[in-house]
Every structure is written in C-alpha cells, then in structure tokens.
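Participant: Everything below, folded, please.
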Amino acid sequence: MENKIFRQKSLDRVSSPEQLNDTIKVTGPGVWLLLGAIAALLVGALIFAVFGRLETKLSLPIVAGEGGAVCYVGEDRASEIEPGMAVEAGGGECAVSSVAAQPVRAESVLDDYAMHLGGFEAGDWVYPVALSGEPGAGARAASVTLESVSAISFILN
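Facilitator: Residues are numbered from 1 along each chain as shown. So this is what the prediction gives:
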C-alpha cells in the first residue's frame, strides 16, 4: 500500500493549468476604504499641527460706558494680565491698556450681573483692567487670550 500525504483530488486541483491564469484577490474594497479614511485623518491632523493654534483664555466681566471700558480680574489671576493682550467682548476686539496697581472690592464697582459673569462674590478683591477700544455700552462677558501656542510645538518640545 502506497503512503500518500495529500489526497489525489487536492493534487489535481493545484496542478491544473487553467487555475494558473486566475487572479488572486488579496483585499476587498472595505479595506481600501478604511485605509483611505485613516490617511485622511492623518493628513487632517498634520494640517492642524502645522497651522492650528491652541489658546488659553480667561473669562472676565467687562463694563463699558461713556468713560471707556473696564474689565475686572480676580487677584489670583491678575499677574497673568499684561498690556497689549487681546480681549474679545461681544464680538468686538479690544486690547488691555493697563492693569490697576491696587485691587478694589468687587461689590463696590460691579453690579450683581457683572459679579455673576465674573464668578465673584461679595468680599472678593478684583483688579480693574482698562481697555483700549469701545466694545459697546453695558456689562457683558469677555475673554482675554493669555497664551496662544502652535500645535506643532507640543510635538517638538
């Protein structure tokens, strides 16, 4: 009796010359679609890393009237505010012109709504920050940009 490892039917199928011209399907369209989506995601991340900016902002109440605009910052964050920083208030842009040297009590300069916007309570000390530009009259929320960093600097540093 002859000892065969493979069945004769399998050997005939492999050695058939008509199957040598058939193409081999390695991947389906779903794999290519997934690969394209990953490539698009990587390209988008690369574009954001090069051109995108990450900003650190501080929310402040701003009170604007005929005498100009003033925003108020708590004493714990006052050292972070410097002249020339950009302030966004109600769709308008202003700039910090000066920061007061001495703090004042929040309730002496702010009404209830402005205290609410700034998250201040009675008895809190705030520093008045004079602004250049006219954002419009009344009390509203504003934000000052403390820091603006390019996204790629997080990768490189």
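Participant: May I have the beta-bridge partners of residue 127?
Facilitator: Note on residue 127: beta-bridge partners by DSSP bridges are residue 73.
Participant: Residue 49 and residue 155 touch, don't they?
Facilitator: Yes. Counting by CB atoms under 8 Å, residue 49 touches residue 155, with 6.4 Å between them. Backbone N, C-alpha and C define where each C-beta goes, glycine included.
Participant: Outline the domain layout of the chain.
Facilitator: 8-51, 54-156 (automatic domain parsing).
Participant: Pick the most buried one from these.
Facilitator: Mean neighbour count (mean count of other CB atoms under 10 Å) peaks for domain 54-156 among these, with a mean of 16.
Participant: What segments of this structure are strands?
Facilitator: Ranges of strands within the chain are 53-65, 68-74, 86-89, 92-99, 104-105, 125-132, 138-150, based on DSSP state E.
Participant: quick one: which of those strands is nearest residue 117?
Facilitator: strand 53-65 (3.9 Å; CB to CB).
Participant: That closest one pairs with which strands?
Facilitator: strand 68-74 (antiparallel), strand 138-150 (antiparallel).
Participant: Remind me what the lengthiest helix in the chain packs against, helices and strands.
Facilitator: The longest helix of the chain (DSSP state H) is helix 29-51. When contacts are defined as 3 or more CB pairs under 8 Å, 6 or more residues apart in numbering; DSSP states H and E, helix 29-51 sits against helix 152-156.
Participant: Can you give the contact residues for the helix it packs on?
Facilitator: 49, 50, 54 (CB atoms under 8 Å, 6 or more residues apart in numbering).
Participant: any idea how far it is from the chain center?
Facilitator: 15 Å (CA atoms, centre = their mean, to the nearest Å).
Participant: Can I get it in PDB, CA atoms only?
Facilitator: Output of helix 152-156 as PDB, limited to C-alpha atoms (Å, rounded to 0.1, in the frame of the first residue of the first chain):
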ATOM      1  CA  ILE A 152       3.300  71.500  16.500                       C
ATOM      2  CA  SER A 153       5.200  73.000  19.400                       C
ATOM      3  CA  PHE A 154       3.700  70.300  21.700                       C
ATOM      4  CA  ILE A 155       5.100  67.600  19.500                       C
ATOM      5  CA  LEU A 156       8.600  69.200  19.100                       C
END
